[in-house]
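Chemist: After the sequence you'll find the predicted model.
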Amino acid sequence: MPGNETMYTLWYEESDGKDFNFVGKKNANLGEMIKAGIRVSPGFSVTIFANDKFITDTGIKEKIEAYLKDLGPVTFETTKKASGYAIDLIESAKIPADIEEDILSNYRRLCEISRTADVPVAVRSSGAISMPGQMETYLNIRGEKDLITYVKKCWSSAYNVEAIMYRANKGMGFLFNIGVGIPKMVNSRASGIIFTINPLNGDPSKISIDVSYGLGEAVVSGLVTPDTILMDKITLDPVKTIVGSKEIQCVYRERGSDIIQTEVSDDKRGRLCISPDELQELCRLGKLIEDYYGKAYDIEFGIDADLPFPENIIILQVRPESVWSKKEAAARTEKKKDPMERILGQLLTGVRLKQ
Amino acid sequence: MAAKTFKDPHDIPTIPGTEGWEKMYPYQYQFSKDDPEREAFESSQIWYYDGLHYPEPHFPFDLIWDEAWSLALSQYNTRHFIIPPALGIDHRIVNGYVYITPVGIPDPEVVGKRVPHFLERAGYYYQNWDRLFENWKKKVTALIGEMDAVNFSELPEMEDIKVITEGIGKGSGYELLKKYDDLINMGLLNWQYHFEFLNLGYAAYVTFINTANQIFPGIPISTLTKMVSGIDVVMYRPDSELIRLAKLVIETNLEDMFLKPLNSADLMAQLATVPAGKQWLAEMEKARYPWFYISTGTGWYHHHISWNDNLDIPFDAVRMHIKSLKEGKEVGRPTEKLIKERDRIAEEYRKLIKTDDDREAFEQCLAVARTVFPYVEDHLFYIEHWFHSIFWGKIRQIGNILHKAGFIEDIEDIWFLKRDEIKQALWDHCTAWATGVKPRGPSYWPKEVSWRKGVYEKFKNWAPPPALGVPPEVVTEPFTIVLWGVTTDVLSEWLKGGEDGEGVQNELKGSPGSSGLVEGRARVLRDVAELADLKEGEILVATTTSPSWAPAFVKIAGAVTDVGGPMCHAAIVCREYGLPTVVGTGKATRLIKTGDLIRIDGDSGLVTILERA
């Protein structure tokens, strides 16, 4: 979008996949998804430009460059020092007023849309290249003051030791501006992950859904055995349903921003945590996402307790499936002269019984 | 390798009080030790209980169909089509329950020699399938007509004068004996026809299933069935006839009469008093033959009666359809939607195939599966329903003759005689009639039948183990795989079992029939007459279901059956209605009570009783 280059913030729906250099990959993806009809939690991006303007206007950029020059050869020790230096500078600096005002006016609008004062939001890092798990995401941030603090924390997380090392290994420079995503927190009654293939064998005719009570952390971090449902991608019939044990769920502490684990009652453990309708809607969205990008995807979702079906099904994050998509397709069947030979082959093979 | 085995078939004890039960069935059905070679064969095979067809112990007469298919299925594998690695399926009976075993060919050289014959013979049938199948329908329909024309009546006091004046030269006693033989032979012939295509049909279908599974691991059978299922399937015709009749009731304003709680005879009498009613009755007469010969069960037992045996059943179903139509619900089989869906599913699957080799394999197997599938679906109506329903009625005519002659106390006692014994009793009856003396039968059979009834009750209370003998490493016999679903999982489930039946059992395992997970209150139906009790959203629990129950499928949330595999009719119907279904649990009707809260998982085949009523 022309003119965007000098904007500090953009609503998700105002950007698309091409804007990844400007808002970061995750944010750009969200914009792209909204355009494709995929329901995501409402929110906006703080642009990479805003980050750059912040470190330039505050003089942080120059200070870091000077510091690095004096630091000597790159070792783990010096990296640790540089990391600490950069993080301190960023977190203690004041964001230029025009940027701050832009972020806060968007936040106020988000509160309006959500009909909630100080609506809880997530503050997510969004780099222009993917660096899985290297930078921070902060959840359940409420109120203007905290929001500004955490935007800075997010920016500074690009200078985590791991993140710096990761970039150094890829031959990238020290300075790294990122986008920040600020979506409304989904009040997840249940959440999980969709694969638009069977992740166990790469079968493209299945959709796999792992889902458990509460926040997605429980599933993503493997804290629980979630419900696992394998769906036929074409007929949308369940192929295999495994009710997981789901002993605990992750929720936010009352009025706090940290996640605590609570027990799930026996009664709730024993049953699936989502309804057949919700499953169907998840599959529909999974297929939509796969069709839109033209390849298999890995999708995080939440089911919002405050919203009616189907608005409650919210896509949190998407990324291309990375294991099977890279493998070359090999024929799974044997070559045969004609159908008769196939039937013969089947009869001769039979069904082997393992003992 | 020699892992777990089941109990040796020779070690199953006789139930106390049933000593001598063996005479109720043919002698070759016994496991015996009198020939060491046969004994060793019996001990080395896997014998599984055919609960799919026989949820109850066998009545001596009803074993006729077991013998009929034992001959027919096996001969087509072994002697007609020369299926390379598979001979027939052998049969035994233990405490009234039939056990069967697939017989393989262990010598690869013998298998190899069979291959060219198979290719020639089976190839001919596959290539000429449609023409041969058309011819099959003609043969079978003609045979049913021939059988329907046979009727049995009591022997006359004096032969008709025409027998004299036309110089016929033979008597009613001889005719009765001959007609009985003819009837039995027609029955056996129809079972020859039953398997003319079925072995090859299953072989093609199992090839499609496995090929599709290689390309798409774990593709549900329900999806594969949707891709091949026929459009004009005769098994659905009886229900669509009822829908047609229900619509006619509404169009001709006959609803008031149908809403009255009348039995079919009274309602028909009322209908006959008005012109529109007469017209409706005429339409019903047209629909009755053959469509009301649909059985209310599988057709395998004499007590699986057809609609024609009790018109209250189709009349109640018409009432249900009227109600659904008035409520604006979709009734019947949405043929057009199914065609579209079938084409969409096949097309979308095609698109997911990544290599040309796989695409070719898929296309070839799909095409053959679609060729054979109409037969696989339709033969059931012709043989198990239409033919059997008429046949049971004919045997009842003979039961009536023997009852009148004092051989049996009740017509329904006839099922406790083997078919050869009926022949003997008829000889007794006819020769005594010819001679003008008292037959021995009346002093012999009532006592014998009464003892057999006692034995039968004891059989009923015995839980047959799912399998006996030694599991094989490979099963090549197509029926064993497709119809009975004997797989690794099933065998291991069977091996686990054995100790159940003790205490309260809240979980039972069957085969996935139709996918989905549902919870609801159970309604256990033992009889089609109870269908009227069924409430919206209940889960139907029955020994088996039949297409004649179709009107109920719009109401229920799911179904559980005692018998059936993934290709059994209940499973096919439920998949079509999209109802989560578990089939072949063995004992759902015994363990579940009406009103219990149950959960059924049509994907894993697990049924859980959550709360007792």
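Modeler: Cool, got the structure.

Chemist: What ranges does the stretch 251-400 of chain B have for its helices?
Modeler: Secondary structure of the stretch 251-400 of chain B (DSSP state H, counting those that start in this stretch): helices at B:255-259, B:264-271, B:275-291, B:312-326, B:335-352, B:356-380, B:388-404.

Chemist: Please enumerate residues in contact with the fourth one?
Modeler: Right, the one you point to is helix B:312-326. Residues external to helix B:312-326 that are found in contact with it (Cβ atoms under 8 Å, 6 or more residues apart in numbering or on different chains): B:239, B:242-243, B:245-247, B:249-250, B:255, B:258-259, B:263-264, B:267, B:292, B:296, B:307, B:331, B:528-529, B:531-532, B:548, B:550-552, B:554-555. C-beta coordinates here come from the backbone N, C-alpha and C atoms, glycine included.

Chemist: Which positions within stretch B:104-115 qualify as buried?
Modeler: Taking 16 or more other Cβ atoms under 10 Å in any protein chain shown as the neighbour-count basis, stretch B:104-115 is seen to contain the buried residues B:Gly104, B:Ile105, B:Val111, B:Arg114.

Chemist: now it: mean pLDDT?
Modeler: Stretch B:104-115 carries an average pLDDT of 90.

Chemist: Just checking it against chain A, any contact.
Modeler: Yes: part of stretch B:104-115 sits near chain A under the criterion Cβ under 8 Å from any Cβ of the partner chain, namely B:Val111, B:Val115.

Chemist: Please compute how far that stretch lies from its chain's middle.
Modeler: A distance of 32 Å separates the centroid of the chain from that of stretch B:104-115, by Cα atoms, centre = their mean, to the nearest Å.

Chemist: what's in contact with that stretch?
Modeler: Residues from elsewhere that reach stretch B:104-115, judged by Cβ under 8 Å, 6+ apart: A:344, A:348, B:82-87, B:472, B:474-477.

Chemist: Repeat the analysis, applying 10 Å as the threshold.
Modeler: In this structure, residues lying in contact with stretch B:104-115 by Cβ atoms under 10 Å, 6 or more residues apart in numbering or on different chains are A:344, A:347-348, A:350, B:45, B:78, B:81-87, B:118, B:472-477, B:480.

Chemist: buried subset of the residues you listed?
Modeler: Neighbour-count burial (16+ other Cβ under 10 Å) is assigned, among these, to A:344, A:347-348, A:350, B:45, B:78, B:81-87, B:118, B:472, B:475-477, B:480.

Chemist: among those residues, which are in strands?
Modeler: B:Ala86, B:Leu87, B:Val475 (DSSP state E).

Chemist: got any ranges where the stretch 151-300 of chain A has weak pLDDT?
Modeler: When residues are selected by pLDDT under 70, those of the stretch 151-300 of chain A lie in A:256-257.

Chemist: Ok, chain B next?
Modeler: Within chain B, the stretches with pLDDT under 70 are B:1-3, B:231, B:476, B:478, B:481-504, B:528, B:547, B:564-570, B:572.

Chemist: From B:Val563, how far out is the residue most central in space within it?
Modeler: In chain B, the C-alpha nearest the mean C-alpha coordinate belongs to B:Thr298, at 3.6 Å (Cα atoms, centre = their mean). B:Thr298 is 8 Å from B:Val563, where distance means Cβ to Cβ, to the nearest Å.

Chemist: Could you tell me which residues touch both of the two?
Modeler: Here B:Thr298 and B:Val563 share the contacting residues B:Leu52, B:His53, B:Tyr54, B:Pro55, B:Thr543, B:Thr544, B:Ala570, scored by Cβ under 10 Å, 6+ apart.

Chemist: right, and the pair among those with maximum separation?
Modeler: Considering Cβ to Cβ, no two members of those lie farther apart than B:Tyr54 and B:Ala570, which are separated by 15.3 Å.

Chemist: Neighbour count for those two, which is higher?
Modeler: When neighbours are counted by other Cβ atoms under 10 Å in any protein chain shown, B:Tyr54 and B:Ala570 differ, and B:Ala570 comes out ahead with 29 against 22.

Chemist: and chain B, what are its domains?
Modeler: Residue ranges for the domains of chain B, per automatic domain parsing: B:1-127+B:405-418+B:435-498, B:187-395, B:504-611.

Chemist: any idea how far the last one is from the chain center?
Modeler: Between the mean C-alpha location of domain B:504-611 and the chain-wide mean there is a distance of 17 Å, by Cα atoms, centre = their mean.

Chemist: before we move on, what about stretch B:103-112?
Modeler: Here stretch B:103-112 shows a centroid-to-chain-centroid distance of 31 Å under the convention Cα atoms, centre = their mean.

Chemist: do stretch A:192-202 as well
Modeler: The mean C-alpha position of stretch A:192-202 is separated from the chain mean by 16 Å, Cα atoms, centre = their mean.

Chemist: Okay, buried residues for it please.
Modeler: Burial within stretch A:192-202, assessed by neighbour count using 16+ other Cβ under 10 Å, is assigned to A:Gly192, A:Ile193, A:Ile194, A:Phe195, A:Thr196, A:Ile197, A:Asn198, A:Pro199, A:Gly202.

Chemist: Also stretch B:538-558?
Modeler: Using 16+ other Cβ under 10 Å as the burial criterion, the residues of stretch B:538-558 that qualify are B:538-558.

Chemist: and the residues you listed, which of them are in helices?
Modeler: Cross-referencing these against helices under DSSP state H gives no overlap.

Chemist: In contact with the closest residue to B:Arg288 other than its chain neighbours, which residues?
Modeler: Setting aside the residues directly before and after it, B:Arg288 is nearest to B:Asn308 in space (Cβ to Cβ, 6 or more residues apart in numbering or on different chains), at 6.2 Å. B:Asn308 makes contacts with B:Arg288, B:Tyr289, B:Pro290, B:Trp291, B:Phe292, B:Tyr293, B:Ile294, B:Ser295, B:Pro314, B:Ser389, B:Ile390, B:Gly393, as judged by Cβ under 10 Å, 6+ apart.
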